[in-house]
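Quick one, structure for this:
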Amino acid sequence: MTSFLKSGPSRPVAIWLFVMAALVFAMVVVGGSTRLTNSGVSITQWDLLSGTLPPLSADQWQAEFDHYRQIPQYRLMNQDMTLEGFKYIFWWEWSHRLLGRIVGVAFAVPFAVFLWRRMIDARLIWRCAVLFALGGLQGVVGWWMVKSGLVDRTEVAPERLTVHLGLALILFCALIWTGLEAWAGPKRPFQRARWPAVAAGLMGLVFLQILLGGLVAGNRAGLIYNDWPFFGGRLWPGDYWMEGLEQTLLHGMAAVQANHRMVAYGLFLAAWIVALRAGRSNYLPRPVAGLALALAVLVTLQAALGIGTLMMQVPLALALAHQLTAAVVLAAAVGLAWRSRRV
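Numbers count the residues shown, from 1 in each chain. Take a look at the predicted model:
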């Protein structure tokens with residue numbers, strides 16, 4: 001049995017991390033579907049082990065439905081819901097939670113095996129441990145989010161939903177980055193002409209834009225001002241400001257939609273400026289220029305999907321495509337930022 005690797009590629013570890021990133025990607029997509037179908041508070045309890053199995057009898061289904069009937073969402077929005085209707089929203093939330101459990105097992109077991117067989121590069125061990133802790137924290141934050149919709153609200157709090165989404169995206173990015181590190185092995189960072197900082201800034205802008213999209217989804221702000229590029233025929237929404245900065249930025253439907261639009265315009269311009277600069281550079285490796293161009297194209301596609309989703313008043317299929325593409329854009333931004341640091 002060899003010692004822990006001090007340097008060099010760890011391809012099996014990289015593949016495992018990329019698979020984990022794909023599972024987190026699926027979690028984000030299913031989580032978005034859960035939000036769009038208004039299913040997030042259909043399961044009112046958190047049971048880490050017993051909750052793995054769905055109801056298996058008519059009595060168990062009725063008990064779950066009775067729990068749901070005690071919360072504000074049922075009393076204020078869904079009093080005419082039948083047991084069959086409840087099953088539809090239940091399965092979305094149950095699938096989301098089950099996938100979270102699968103992610104935990106799929107990380108913990110291979111991680112233990114890789115450690116036991118001493119296959120992980122020493123510089124990556126602590127990173128993988130942090131990733132595992134982030135996954136556990138994500139489960140706690142998810143329940144914290146759900147609890148906000150069980151007492152005084154008919155849906156989860158938008159700011160908690162955005163924290164939950166943001167943590168998932170951090171985990172997604174970190175898995176991709178660490179996977180690339182494992183695949184390539186350690187190399188000298190590329191520091192010329194501040195290009196790594198430019199790529200990192202673009203990645204941060206993509207991350208911010210997705211968080212703003214989470215606030216739009218959390219406030220259902222895509223259901224107002226569906227006349228792009230205007231706001232009800234005006235250049236700027238007249239009801240942007242609410243009582244207080246926090247209320248405006250986190251709960252104002254007009255504000256969160258306007259903010260999401262404005263950052264989208266900035267991201268579109270920034271992505272194409274970076275792509276053009278990369279294409280004309282004499283010292284950047286060709287893969288960097290290719291990644292920059294691919295990111296700009298993806299941002300353009302994402303913008304078109306966003307406009308279509310807004311103008312068609314958030315149809316489920318188009319909204320899911322918009323959310324899925326957002327994660328793809330972020331993955332491309334992570335790839336560009338990582339590659340920009342390598343010679």
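
Let's test this: mean pLDDT of the one helix or strand residue 164 maps to, rounded?
Here residue 164 sits within helix 158-184, counting by DSSP states H and E. Helix 158-184 comes out with an average pLDDT of 95.

after that helix comes which helix or strand?
According to DSSP H and E, the helix or strand after helix 158-184 is helix 195-219.

Could you point out the helix or strand that follows that next one?
Per DSSP H and E, the first helix or strand lying C-terminal to helix 195-219 is helix 245-251.

Dump the C-alpha coordinates for that next one into CSV.
Once non-C-alpha atoms are left out, helix 245-251 reads as follows in CSV (Å, rounded to 0.1, in the frame of the first residue of the first chain):
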residue,chain,number,x,y,z
LEU,A,245,-34.1,48.5,1.8
GLU,A,246,-34.4,44.9,3.0
GLN,A,247,-38.1,44.6,2.1
THR,A,248,-37.4,46.1,-1.3
LEU,A,249,-34.5,43.9,-2.3
LEU,A,250,-35.7,40.6,-0.8
HIS,A,251,-39.5,40.8,-1.1
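
Show me the helices in the chain, by range?
All helices of the chain, identified by DSSP state H, fall at 11-36, 58-68, 72-77, 83-116, 122-147, 158-184, 195-219, 245-251, 253-280, 286-311, 316-340.

Now these in JSON lines, please, with extra columns for distance to residue 234.
C-beta coordinates here come from the backbone N, C-alpha and C atoms, glycine included. Rendered in JSON lines, the data for the helices of the chain read as follows (distance: least, Cβ to Cβ, whole Å):
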{"stretch": "helix 11-36", "distance to residue 234": "28"}
{"stretch": "helix 58-68", "distance to residue 234": "41"}
{"stretch": "helix 72-77", "distance to residue 234": "31"}
{"stretch": "helix 83-116", "distance to residue 234": "36"}
{"stretch": "helix 122-147", "distance to residue 234": "34"}
{"stretch": "helix 158-184", "distance to residue 234": "24"}
{"stretch": "helix 195-219", "distance to residue 234": "19"}
{"stretch": "helix 245-251", "distance to residue 234": "17"}
{"stretch": "helix 253-280", "distance to residue 234": "11"}
{"stretch": "helix 286-311", "distance to residue 234": "15"}
{"stretch": "helix 316-340", "distance to residue 234": "24"}
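
Any chance you could list what contacts stretch 9-19?
The set of residues that contact stretch 9-19 without belonging to it, under Cβ atoms under 8 Å, 6 or more residues apart in numbering, is 106, 110, 114, 119-121, 124, 128, 175-176, 178-180, 182-185.

Turn the buried ones among these into a named ChimeraX selection, would you?
A single ChimeraX command is used to select the members of the contacts of stretch 9-19 judged buried by 16 or more other Cβ atoms under 10 Å:
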select :106,110,114,119,120,121,124,128,175,176,178,179,180,182,184
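
just to revisit the earlier point, and the helices of the chain: which comes nearest residue 232?
The closest of the helices of the chain to residue 232 is helix 253-280. By Cβ to Cβ, the value is 9.1 Å.

Burial check on residue 127, number of neighbours?
18 (other Cβ atoms under 10 Å).

Tell me the spacing between it and residue 31.
Separation of residue 127 from residue 31 (Cβ to Cβ, to the nearest Å): 24 Å.

Residue 74 too?
Distance of residue 74 to residue 31, computed by Cβ to Cβ: 21 Å.

of the two, who's got more company?
Between residue 74 and residue 31, residue 31 has the larger neighbour count (other Cβ under 10 Å), namely 24 against 20.

For the nearest residue to that one once chain neighbours are set aside, give me its contacts.
On the basis of Cβ to Cβ, 6 or more residues apart in numbering, the spatially nearest residue to residue 31 that is not a chain neighbour turns out to be residue 96, at 5.6 Å. By Cβ under 8 Å, 6+ apart, the contact set of residue 96 is 27, 30-31, 34.

would JSON lines of the residues you listed with pLDDT be doable?
JSON lines is the format used below for the contacts of residue 96 (pLDDT from 0 to 100):
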{"residue": "27", "pLDDT": "94"}
{"residue": "30", "pLDDT": "93"}
{"residue": "31", "pLDDT": "92"}
{"residue": "34", "pLDDT": "92"}
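
Alright, calling it a day.
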